[in-house]
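Visitor: kindly generate the corresponding structure for this input.
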Amino acid sequence: MNYLLKPLTNPGIASVISDFMTLGTDKNCQYPVSSADVSERHVRFEYRDGNLVAKDLRSQAGTYVNGKKIIEQNLNLNDILTLGDLEFQIVSPEEKTSFPLQSKNTIWNDELNSLVHGAQSDFPILMLGSSGSGKEVIAKAIHQSSRRKDGPLVCVNCSALTETLVESELFGHIKGSFTGAVSDRKGAFESARGGTLFLDEIGDLPYSIQAKLLRALENNEIRPVGSDRTIQTDVRILAATHKNLSEKINQGTFRLDLYYRLNVIQVSPPDLVNRMEDFDMLMGEFCKNYRVRFSFAAIAELKKYKWPGNIRELKNLVARCSALYPHELITESHINKLLDKTTSEETLDNELVSGRTGQQLPIIKEIEKQMIIKRLAVNKGNQKLTASELGMPKSTLHDRLKYYNIDVVSFKQKPA
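Guide: The predicted model follows:
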């Protein structure tokens, strides 16, 4: 049985004590901490004949167990370990409660662990972060950690629908309420009953719909489009956006009262470049899923990149390698061909302009654009099917359509 180390000075999530685990301020320690009183390599834990042993590594402040300074000592359940200004308790695995997502970045991991109890509540959670930083993955983890995990998780991309359609998508409609409404239809609020409703890109929600959403959240009831009756709701709201909501509020395009209603618990996933401690873990997971192998030199080259598209861009790169170079070891020469360095933060805005004004796109972008156009033509403008065939979320396809200025309507089958 592996014991857990539970921080007491700054309460957080108990971590499993693995064999030969080192604790200290050195970032290479298995348990890195931040404290002026703790040495770079302060104490080491190991298991001997089933017993947990703590060994002080000649630390400056010393290691104390239950107030007594030690050099090496067996640890027991509930022992208090003091390292400078930090205190920890030895606890059993039964006491472990952790969030499904973890990070080697201390600050981000603390924020993730703060969601353990927040996920158990029914309060709204607002996720603010750059596109591709993993907001939808976090939403799924929150749902799985909540009391509503046995209920449905319904996702709505607020930026992918017109004003008329988004109202119907959220609240439903009755037959004949508008052209094309050939039957009654449940909206996302009803479909998510007893579960979680994830509103992605909430910053793009039309202003006129924001007031109706606010009423739905405050009164726990909705009114389908064209109906004169209200329906009681039972959903937990998660919302996300990459837009600057403060700026949109100042511009008068996002309601301040809706912001306050959504912003009960806030999570801000960092850009990939600010959590590179997780790069190897993320890379390994994507390589496993797509069955791709990279050389050490290739990985080193990838770590130099700024990743403006964040985790989504990394995932897409691995998927691209799988498609173009199956069963090959990806080397540095492959990376130089596949990695679109023109999408760095300094040139991203210029590239967006070139994509919309008809100027020549970088070769990788041009290939992607043509692939999207071909699949849209085959699928007669069906975005859901096209996204599925291209192996990307529908929200990503929607972003690409705007990026390349592709008119989906032109692909839809014209009536005879």
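
Visitor: please count neighbours and contacts with C-alpha atoms only from this point.
Guide: Fine.

Visitor: bridged to residue 51, which residues?
Guide: residue 48 (DSSP bridges).

Visitor: can you check residue 154 too?
Guide: Residues in beta-bridge contact with residue 154 (DSSP bridges): residue 197.

Visitor: now do the domain split for the chain, please.
Guide: Listed domain ranges for the chain are 4-95, 106-267, 272-339, 348-411 (source: automatic domain parsing).

Visitor: now the ones you listed in a markdown table, with mean neighbour count and mean pLDDT?
Guide: Converted to a markdown table, these look like this (neighbours: other CA atoms under 10 Å; pLDDT from 0 to 100):
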| stretch | mean neighbour count | mean pLDDT |
| --- | --- | --- |
| domain 4-95 | 18 | 88 |
| domain 106-267 | 18 | 89 |
| domain 272-339 | 16 | 91 |
| domain 348-411 | 16 | 72 |
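
Visitor: residues contacting the residue most central in space within the chain?
Guide: By CA atoms, centre = their mean, the mean C-alpha position of the chain lies nearest to residue 134, the distance being 2.2 Å. Applying CA atoms under 8 Å, 6 or more residues apart in numbering, we find residue 134 in contact with 269, 311-312.

Visitor: do the same with residue 45
Guide: 17-22, 52-55.

Visitor: wait, doesn't residue 229 sit right on residue 174?
Guide: No - at 10.7 Å, residue 229 does not count as touching residue 174 under the criterion of CA atoms under 8 Å.

Visitor: which of the contacts of residue 45 lies closest to residue 76?
Guide: Of all these, residue 76 sits closest to residue 52, with 7.4 Å by CA to CA.

Visitor: how far does the helix or strand containing residue 395 sit from the chain's center?
Guide: Using DSSP states H and E, residue 395 falls within helix 394-404. Mean-position distance between helix 394-404 and its chain equals 18 Å (CA atoms, centre = their mean, to the nearest Å).

Visitor: please name every helix or strand in contact with it.
Guide: Using 3 or more CA pairs under 8 Å, 6 or more residues apart in numbering; DSSP states H and E as the contact test, the elements touching helix 394-404 are helix 348-357, helix 383-390.

Visitor: dump that helix to CSV, restricted to CA.
Guide: Output of helix 394-404 as CSV, limited to C-alpha atoms (Å, rounded to 0.1, in the frame of the first residue of the first chain):
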residue,chain,number,x,y,z
LYS,A,394,-16.8,20.8,-35.4
SER,A,395,-15.8,23.9,-33.5
THR,A,396,-12.3,23.6,-35.0
LEU,A,397,-13.8,23.2,-38.5
HIS,A,398,-15.9,26.3,-37.8
ASP,A,399,-12.7,28.3,-36.9
ARG,A,400,-11.0,27.0,-40.0
LEU,A,401,-14.0,28.1,-42.2
LYS,A,402,-13.7,31.7,-40.9
TYR,A,403,-9.9,31.6,-41.1
TYR,A,404,-9.9,30.6,-44.8
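
Visitor: any idea of the angle it forms with helix 383-390?
Guide: 100 degrees (axes from the mean of the first three to the mean of the last three CA atoms, to 10 degrees).

Visitor: wait, is residue 215 part of a helix?
Guide: Yes - counting by DSSP: H, G, I helix; E, B strand; the rest coil, residue 215 is part of a helix.

Visitor: which of the three states applies to residue 150?
Guide: Quick answer, by three-state DSSP: residue 150 is coil.

Visitor: am I right that it is in contact with residue 195?
Guide: Yes - Residue 150 lies in contact with residue 195 (CA under 8 Å); the separation is 7.3 Å.

Visitor: mutual contacts of those two, please.
Guide: In contact with both residue 150 and residue 195: no residue, using CA under 8 Å, 6+ apart.

Visitor: how near is residue 278 to residue 141?
Guide: According to CA to CA, to the nearest Å, residue 278 and residue 141 sit 17 Å apart.

Visitor: wait, I meant residue 335
Guide: 32 Å.

Visitor: does residue 47 touch residue 73 like I think?
Guide: No - using CA under 8 Å, residue 47 makes no contact with residue 73, being 11.3 Å away.
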